[in-house]
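> I need the structure of the sequence given here:
(one chain, ligands or ions: 1)
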Amino acid sequence: MGRLRGGLVVSCQAPAGHPLRDPEVIARLAECAVLGGAAGLRVNSAADITAVRRRTGAPVIGLHKVRHGHRDVITPTAELATELAAAGADMIAVDLTPESPGPGPALIEHVHGLGLPVMADVSTLEEGLAAWDAGADVVGTTLSGYTARQLPTPPDPDLGLVEALAARGVRVAAEGRYRTEEQVRRAFGAGAWAVVVGGAITDPIAVTRRLAAATPR
Ligand SMILES: CC(=O)N[C@H](C=O)[C@@H](O)[C@H](O)[C@H](O)COP(=O)(O)O
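So this is what the prediction gives:
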């Protein structure tokens, strides 16, 4: 876990229907991220983790998204966590918002029982503090802006949540909508332990869309 401290974690994911949705492609994205200096990776599904593991020994935060209600929730069951561990994840991310149908803090215990640390993905300060008190090893701001009552999702990252969690002594991973070097620096300035960046690196559709929006046609 210490290998992630102070580093950039690259989230290598592609949703169903995305042209990059293929474990080997995800593994190649992961390899590019490591060559570019990523301290770690965040990878969805046991199949993708297995493929990534064949290409790099960089630490992997594993998760498994499951559709539930209006969004995907993150690793809602102990069985899924066990599969991620078997595929080679070094840390497991779980959704600790009230929107997840999962068993909440019992999942933390389960993952610890597998011998792995837990990243608790949360959307608010209260959820983050509760997850930390329940034994989460890292709290991610991952879900801020995505729960039903926070929609529509704001365009920028929730640096305020990073700062508030860090100020209370929580080991915090800043995640969600980081797109620029300045935002990454500000997250560390706010006390982040690590910063996770996904789409700004691994989704060429989103990157193209942003730059295309700046053209006059
Ligand atoms: C809300 C949710 O389900 N977030 C997911 C969590 O694993 C991923 O879809 C995001 O890509 C990841 O959090 C990184 O964020 P961004 O791509 O904005 O840098």
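> which secondary structure state is assigned to the nearest residue to residue 145 once chain neighbours are set aside?
Using CB to CB, 6 or more residues apart in numbering and skipping the chain neighbours, the partner closest in space to residue 145 is residue 153 (4.3 Å). C-betas here are computed from N, CA, C, even on glycine. Judged by DSSP: H, G, I helix; E, B strand; the rest coil, the three-state class of residue 153 is coil.
> mind listing residues that contact the top helix by length along the chain?
Longest helix of the chain, by residue count under DSSP state H: helix 23-35. If you take CB atoms under 8 Å, 6 or more residues apart in numbering as the criterion, helix 23-35 is touched by 10, 12-14, 20, 41, 43, 45, 47-48, 50-52, 54-56, 58, 201-202.
> buried members of those into PyMOL, please.
If you want just the buried ones from the contacts of helix 23-35 in PyMOL, going by 16 or more other CB atoms under 10 Å, the selection is:
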select buried, resi 10+12+13+14+20+41+43+45+48+51+52+55+56+58+201+202
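> which residues of the chain lie near the ligand?
Counting by CB under 6 Å from any ligand atom, the residues of the chain lying close to the ligand are 11, 13, 63, 72, 142-143, 146, 175-178, 196-200.
> this structure: strands as residue ranges?
8-12, 40-44, 60-63, 65-68, 71-74, 91-95, 118-121, 138-140, 172-175, 194-197 (DSSP state E).
> give me the distance between whichever residue of the chain sits closest to the ligand and residue 161.
Closest residue of the chain to the ligand, CB to the nearest ligand atom: residue 198 (2.7 Å). As for residue 198, its distance to residue 161 is 17 Å (criterion: CB to CB, to the nearest Å).
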